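Enquirer: here is my input; please provide its structure:
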Amino acid sequence: MLSRIPPRVKVRKDAPIELPHVMLLIDDPNKTVIEPLTRASGEMERLYAFDLQQGGGSITGWKLSAAQMDETADALSALCSAEEQAWKYGVKDVPPLLFAVGDGNHSLATAKQCYEDLKKVTPESEWASLPARYALVEVVNNHDGALQFEPIHRCVFGVEPEEVLDAFKAYYPGAYEAKGEGHVIAYTHAGGQGFLTVPQPRVQLAVGTLQAFLDAYVKDHGGEIDYIHGGEVTDRLGRQAGAIGFKLPAMGKQQLFKTVMADGVLPRKTFSMGHAQDKRYYVEARKIR
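Expert: Here you go, the predicted structure:
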């Protein structure tokens with residue numbers, strides 16, 4: 001969302017270090033990239049080890065050897081092979097997708113804008129040596145057992161719930177109230193609860209079906225959309241007067257890369273990676289000035 005970038009650029013442009021929150025997900029079901037490094041950590045130089053606050057356990061940082069860095073680069077390249085694309089996605093002769101970028105707070109987009117701004121006042125011969133050319137990211141295997149996808153639900157305020165439901169069915173001809181085949185979205189409002197089904201959806205994910213409708217509805221009729229973590233909270237807020245809550249199914253890990261390849265950038269607030277208590281720590285830092 002472009003409107004979110006300028007205030008973040010203002011913070012970052014004169015900052016001496018970055019503490020980013022950028023995840024580069026790789027689709028590695030056979031666990032060929034990161035997991036071998038975990039098993040070989042005894043061969044590495046230990047950089048730090050300490051306990052985390054608030055019951056978060058402990059963390060240890062290891063430095064890869066030159067040989068391990070080369071092996072990791074080779075393993076990443078192998079994920080882009082034609083054989084790998086055919087096995088995982090059933091496609092051929094299409095550009096490979098190596099990284100799915102999780103940049104919910106716009107750290108990477110902000111870093112890129114800061115670099116582009118510096119290029120305007122820096123001789124081209126010095127662009128490659130600017131510290132701002134790079135951003136610190138975390139490569140994470142999409143199939144890591146510790147990584148959990150949680151749906152982000154929607155509540156719409158300042159609306160008449162029945163009018164919203166009628167508009168939804170008009171927006172998607174053939175949609176009906178009940179569980180069925182297709183995209184199924186639960187709803188709750190003060191007058192009751194139920195399910196909406198959109199058969200033969202045009203996009204891969206139910207969140208894309210719902211978000212397209214909500215954006216169009218709010219634009220034409222008013223109201224305010226909020227993005228909610230947790231089904232119980234969504235139900236409670238949806239039961240308020242002049243509100244309606246929509247609960248979305250969780251996205252399976254196997255759907256992520258296929259969806260991006262088919263539909264492009266995911267709808268905003270598609271999912272959250274993990275519970276709130278798992279995301280307290282900004283540990284790694286990098287000098288950028």
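Enquirer: look up the closest residue to Phe149, ignoring the ones flanking it.
Expert: Of all residues not flanking Phe149 in the chain, Phe271 sits nearest, at 4.8 Å (CB to CB, 6 or more residues apart in numbering). Just so you know, the C-beta spots here come from the backbone N, C-alpha and C atoms, and that holds for glycine as well.
Enquirer: ok, the one you found touching Leu147?
Expert: No. Counting by CB atoms under 8 Å, Phe271 stays clear of Leu147, with 10.9 Å between them.
Enquirer: looking at the two, which is more packed in?
Expert: Phe271 (20 against 15; other CB atoms under 10 Å).
Enquirer: so for the more buried one, what's the pLDDT?
Expert: According to the prediction, Phe271 has pLDDT 70.
Enquirer: how about it, phi and psi?
Expert: Backbone torsions of Phe271, given as degrees, to the nearest 10, read phi -160, psi 160.
Enquirer: run through the bridge partners of it.
Expert: Judged by DSSP bridges, the bridge partners of Phe271 are Pro151.
Enquirer: contacts only, for it.
Expert: Contact analysis of Phe271 by CB atoms under 8 Å, 6 or more residues apart in numbering lists 149-152, 207, 250-251.
Enquirer: what does stretch 138-146 rub up against?
Expert: For stretch 138-146, using CB under 8 Å, 6+ apart, the contacting residues are 22-29, 31, 33-35, 99-100, 147, 253, 256-257, 274, 278, 284.
Enquirer: how far away is the nearest residue to Lys112 once chain neighbours are set aside from Ile244?
Expert: Leaving aside its sequence neighbours, Lys112 sits nearest to Ala135 (CB to CB, 6+ apart; 7.5 Å). To Ile244, Ala135 is 39 Å away according to CB to CB, to the nearest Å.
Enquirer: over to Tyr227?
Expert: For Tyr227, the distance to Ile244 equals 14 Å [CB to CB].
Enquirer: which one of these two has more residues nearby?
Expert: More crowded of Tyr227 and Ile244, by other CB under 10 Å: Ile244, with 28 against 12.
Enquirer: just to check, that one is in contact with Gly191?
Expert: No. In this structure, Ile244 is not within contact of Gly191 by CB under 8 Å, at 9.5 Å.
Enquirer: need the overlap of contacts for the two.
Expert: Contacts common to Ile244 and Gly191, judged by CB under 8 Å, 6+ apart, are Pro161.
Enquirer: of the contacts of Phe271, buried ones?
Expert: Neighbour-count burial (16 or more other CB atoms under 10 Å) is assigned, among those, to 149, 151-152, 207, 251.
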